[in-house]
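Chemist: let's see this in three dimensions:
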Amino acid sequence: MDRRDFIALQGAAAILSLLRPLAAAAQPSAMPVIGYLGAESPERFASRLASFRDGLATTGFAEGRNVTIEYRWAEGRNERLPALAAELAGLDVSVLAAPGSLASALAAKAATQTIPVVFETGVDPIVGGLVTNLRKPGGNITGVTSLNAAVGAKRLELLRELAPHAAAFALLVNPTNPKSAEASINDLQGAARTLGCDLKVFNASTEADFESVFAALDKMKTGGLVIANETFFANRSEQLAALAFRHRVPAVHQSREFVLAGGLLSYGGSVRQSHSQAGAYVGRILKGEKPGELPVVQVTTVELAVNAKTARTFGINVPLSLLGRADEVID
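Modeler: Numbering: from 1, shown residues only. I've put the predicted structure just below:
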């Protein structure tokens, strides 16, 4: 090799050494991964998942484009949640999202003390054991709460308006979500004492339990049934509405879908808003914000829906004062 070739080779090597860092910088970095812990199935969570993705999009993230989502679904079986949460934590995801139930939020919290966790629940996060301070949750967890559990007493009051002389009302809870069930029972027992009536508690943790509950209600004289705030019940609103209609049980549920399916009343917080906010919080954490510094968001929109046609079928006279407060009347 002559001197001219040697100098040219050295020059080429120098240029390559300069270009190598630029080429490395141009390579796309690995996409962040969200772990999504669903208490139900993707089919039952479809509308909630759509709202979650909408919220995520407000921060510039879109699944498959610049973020990946790893899903784990408990299929309505709360006992599966701890193992699924641990599995997601083992993947070292960037954020662990646990929207839709207190049971999934508690499982996510127990699975990791380092991965950021974003929950969405209708239960008071302090009472539920998720955080100790709503304004400054601290640690690795924050999230969103709606008024679904907080308005449990109001659901009983609505039934009382329709049956002012009833001696007793019923409450349906899921015993496999004990913290949520206990909160609902305590809340409504206090409301029942204030209203001067008794409260009879029924348990259901599988779809097969529903038939026996409504069969028992057939034999009892109650003013109506409050269906507790619970993901298992929320995602079976149509089935519960059909049973309530068939057995002529005046019932109130958290979801508008219950009323659209023939149930009498629904009263609850906006699931669309709460899941969208959870998605937005996940996006903000992906951008570098710390979960412990993000205050727990309280969604305050509450919607009342009445199925006037069902009321007529049951022979119930809905007061005009109640109809006037309704956001939606199905006739």
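
Chemist: contact partners for residue 305?
Modeler: 256, 259, 260, 265, 266, 267, 326, 327, 328, 329, 330 (C-beta atoms under 8 Å, 6 or more residues apart in numbering). Any C-beta I mention is one placed from the backbone N, CA and C, and that applies to glycine too.

Chemist: I meant residue 179, not that one.
Modeler: 102, 103, 106, 123, 127, 128, 129.

Chemist: redo that, cut-off 10 Å
Modeler: 102, 103, 105, 106, 123, 127, 128, 129, 130 (C-beta atoms under 10 Å, 6 or more residues apart in numbering).

Chemist: how near is it to residue 295?
Modeler: As judged by C-beta to C-beta, to the nearest Å, residue 179 and residue 295 stand 22 Å apart.

Chemist: re the thing from before, let's have the contacts of residue 179 in JSON lines, adding secondary structure and distance to residue 305.
Modeler: Compiled in JSON lines, the contacts of residue 179 are given as follows (DSSP: H, G, I helix; E, B strand; the rest coil; distance: C-beta to C-beta, whole Å):
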{"residue": "102", "secondary structure": "helix", "distance to residue 305": "24"}
{"residue": "103", "secondary structure": "helix", "distance to residue 305": "26"}
{"residue": "105", "secondary structure": "helix", "distance to residue 305": "27"}
{"residue": "106", "secondary structure": "helix", "distance to residue 305": "30"}
{"residue": "123", "secondary structure": "coil", "distance to residue 305": "22"}
{"residue": "127", "secondary structure": "coil", "distance to residue 305": "27"}
{"residue": "128", "secondary structure": "coil", "distance to residue 305": "26"}
{"residue": "129", "secondary structure": "coil", "distance to residue 305": "31"}
{"residue": "130", "secondary structure": "coil", "distance to residue 305": "29"}
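
Chemist: what subset of these is buried?
Modeler: Among those, those classed as buried by 16 or more other C-beta atoms under 10 Å are 102, 103, 105, 106, 123, 127, 128, 130.

Chemist: is the fourth one in contact with residue 131, as I believe?
Modeler: Going back to what we said before, that points to residue 106. No - taking contacts as C-beta atoms under 10 Å, residue 106 lies outside contact range of residue 131: 11.5 Å.

Chemist: which neighbours do these two share?
Modeler: With C-beta under 10 Å, 6+ apart, residue 106 and residue 131 have common neighbours residue 119.

Chemist: was I right about residue 279 contacting residue 60?
Modeler: No - Residue 279 is beyond contact range of residue 60, at 11.8 Å (criterion: C-beta under 10 Å).

Chemist: higher neighbour count, those two?
Modeler: The neighbour count for residue 279 versus residue 60, taken as other C-beta atoms under 10 Å, is higher for residue 279 (28 against 12).

Chemist: helices and strands around the strand or helix carrying that one, which ones?
Modeler: Secondary structure assignment for residue 279, by DSSP states H and E: helix 271-286. In terms of contacts (3 or more C-beta pairs under 10 Å, 6 or more residues apart in numbering; DSSP states H and E), helix 271-286 is packed against strand 33-38, helix 46-57, strand 95-99, strand 117-121, strand 141-145, strand 297-298.

Chemist: pLDDT averaged over it - what is it?
Modeler: Helix 271-286 carries an average pLDDT of 95.

Chemist: ok, now which ones touch the residue nearest the centre of the chain?
Modeler: Nearest to the geometric centre of the chain sits residue 100, at 1.9 Å (C-alpha atoms, centre = their mean). If you count contacts by C-beta under 10 Å, 6+ apart, residue 100 has them with 36-40, 44-45, 48-49, 52, 74, 119-122, 231, 234-235, 271, 274-275, 278.

Chemist: mind checking how far it is from residue 303?
Modeler: Counting by C-beta to C-beta, the gap from residue 100 to residue 303 is 18 Å.

Chemist: repeat that for residue 31.
Modeler: 36 Å.

Chemist: just residue 62 next, same as before
Modeler: With C-beta to C-beta as the criterion, residue 62 and residue 303 are 29 Å apart.

Chemist: sketch out the low-pLDDT regions of the stretch 201-331 of the chain for me.
Modeler: Across the stretch 201-331 of the chain, nothing is flagged by pLDDT under 70.

Chemist: show me the strands in it, by range?
Modeler: For the stretch 201-331 of the chain, the strands defined by DSSP state E, counting those that start in this stretch occupy 225-227, 251-253, 265-269, 297-298, 302-307, 328-330.
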